[in-house]
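Q: Any chance you could fold what I've pasted below:
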Amino acid sequence: PQKKEAPIVFKDFAKANCNENYFTETLKLKPEEIELFLDYCDADPESKEKSTTKNVLSVMDYLLKKNEAFQKLKEDK
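A: Below is the predicted model of the structure:
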């Protein structure tokens, strides 16, 4: 019997496949916000779907979209 692969944690997948420059340059996050942002993404059920596809471009696209919502949340505080 084949062993089922443990589900990939979205946060780990994103960190492993997107370098820090992606978070700081492209998404304009401060280094101290990256962890918080990934937790924010991880709470979204859609992120589980993204990490299971193992499609890096799809994950990067998802991070861009989530970043817009994340930035709005920060502005509202």
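Q: For Leu54, grab phi and psi.
A: If you look again at residue 54, you'll see it is Lys, not Leu. The phi/psi pair for Lys54 (degrees, to the nearest 10) reads phi 60, psi 30.
Q: same deal with Asp12?
A: phi -70, psi -40.
Q: Tell me the pLDDT of it.
A: Model confidence at Asp12, expressed as pLDDT, equals 94.
Q: Same check on Thr52?
A: 87.
Q: Which residue is the nearest non-sequential neighbour of Lys15?
A: Once flanking residues are discounted, Lys15 sits nearest to Leu38: 7.0 Å by C-beta to C-beta, 6 or more residues apart in numbering. (Glycine included, C-beta is placed from N, CA and C.)
Q: Ramachandran angles for the one you found?
A: phi -70, psi -40.
Q: Return the residues in contact with it.
A: Phe10, Lys11, Ala14, Lys15 (C-beta atoms under 8 Å, 6 or more residues apart in numbering).
Q: To what extent is the residue nearest to Ile8 when sequence neighbours are not counted buried, counted in neighbours?
A: Of all residues not flanking Ile8 in the chain, Ser51 sits nearest, at 4.5 Å (C-beta to C-beta, 6+ apart). A count of neighbours around Ser51, defined by other C-beta atoms under 10 Å, yields 22.
Q: Just the terminal-to-terminal distance for stretch 14-34.
A: 11 Å (C-alpha to C-alpha, to the nearest Å).
Q: List the buried residues of that stretch.
A: For stretch 14-34, a neighbour-count test (16 or more other C-beta atoms under 10 Å) marks Ala14, Cys18, Tyr22, Phe23, Leu27, Leu29, Glu33, Ile34 as buried.
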